[in-house]
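Participant: coordinates only, no sequence provided:
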């Protein structure tokens, strides 16, 4: 799944980075956009649970690759099997989600994880949908953000190129943001606002 995790060695790979950000930031509201089989939502929700401050994960995924997230009861049960009851799943794209009442109730996001469609265009939509509710110390992760590569996750007849890296290049030109690439697995980029002196 591109996060350098190794189940055999009980190694979370880049998941340690995601988990540590949750533990450091102590967020009440986290948003995760996209996940093929839930590795990142599991890590984020576990960190929230370990913080013991009532934090909640809003997980947005329209289940385009297959029907894994389609059944709401099955999805909630899947997270509960890992001892997690702090996940709210929305079977929606970001474009759909911003029209929902749940979106309007979100006032502050301290961690945003973007791992949706992997195009520069969609990454921009995902980021800008939540940019106004990010706090000065928020962290934003963009997965599959280091290089262009072809993906057939939606079927061999629907192969497309990941282009998140080109949106990251634009963010790196902004003077109000810090961007750091982690070139492991499929790569992830951490984006944060430049601290006020």
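Facilitator: The structure has been received and is ready for your questions. What you see is a predicted model; the values in this text were computed from it and never measured.
Participant: contacts, neighbours, all on C-alpha from now
Facilitator: OK.
Participant: how about the contacts made by the spatially most central residue of the chain?
Facilitator: Centrality entry for the chain: nearest residue to the mean C-alpha point is residue 113, 2.3 Å, by C-alpha atoms, centre = their mean. The contact partners of residue 113, by C-alpha atoms under 8 Å, 6 or more residues apart in numbering, come to 31-33, 140-143.
Participant: do the same with residue 171
Facilitator: 177, 179.
Participant: that one sits in which helix or strand?
Facilitator: helix 164-172 (DSSP states H and E).
Participant: so which elements touch the following helix or strand past that helix?
Facilitator: Helices and strands here follow DSSP H and E; after helix 164-172, the next one along the chain is strand 177-182. In this structure, strand 177-182 packs against helix 164-172, strand 188-193, with contacts taken as 3 or more C-alpha pairs under 8 Å, 6 or more residues apart in numbering; DSSP states H and E.
Participant: with residue 7 as the reference, name the closest of these.
Facilitator: Of all the helices and strands packed on strand 177-182, strand 188-193 sits nearest to residue 7, with 19.6 Å by C-alpha to C-alpha.
Participant: quick check: longest strand of this structure.
Facilitator: Counting by DSSP state E, the longest strand found in the chain is strand 134-143.
Participant: output the contacting helices and strands for the helix or strand where residue 58 lies.
Facilitator: Residue 58 belongs to strand 56-60 when assigned by DSSP H and E. The contact analysis (3+ C-alpha pairs under 8 Å, 6+ apart) places strand 56-60 against strand 29-33, helix 39-51, strand 87-90.
Participant: partner strands of that strand and their direction?
Facilitator: strand 29-33 (parallel), strand 87-90 (parallel) (DSSP bridges).
Participant: distance between the first one and the chain's centre?
Facilitator: In this case it means strand 29-33. 6 Å (C-alpha atoms, centre = their mean, to the nearest Å).
Participant: circling back to that earlier point, most tightly surrounded among the helices and strands packed on strand 56-60?
Facilitator: Highest mean neighbour count among the helices and strands packed on strand 56-60 (mean count of other C-alpha atoms under 10 Å): strand 29-33, with a mean of 23.
Participant: quick one: residues contacting residue 9.
Facilitator: By C-alpha under 8 Å, 6+ apart, residue 9 has no neighbours at all.
Participant: if anything else comes up later, I'll come back, but that's it for now.
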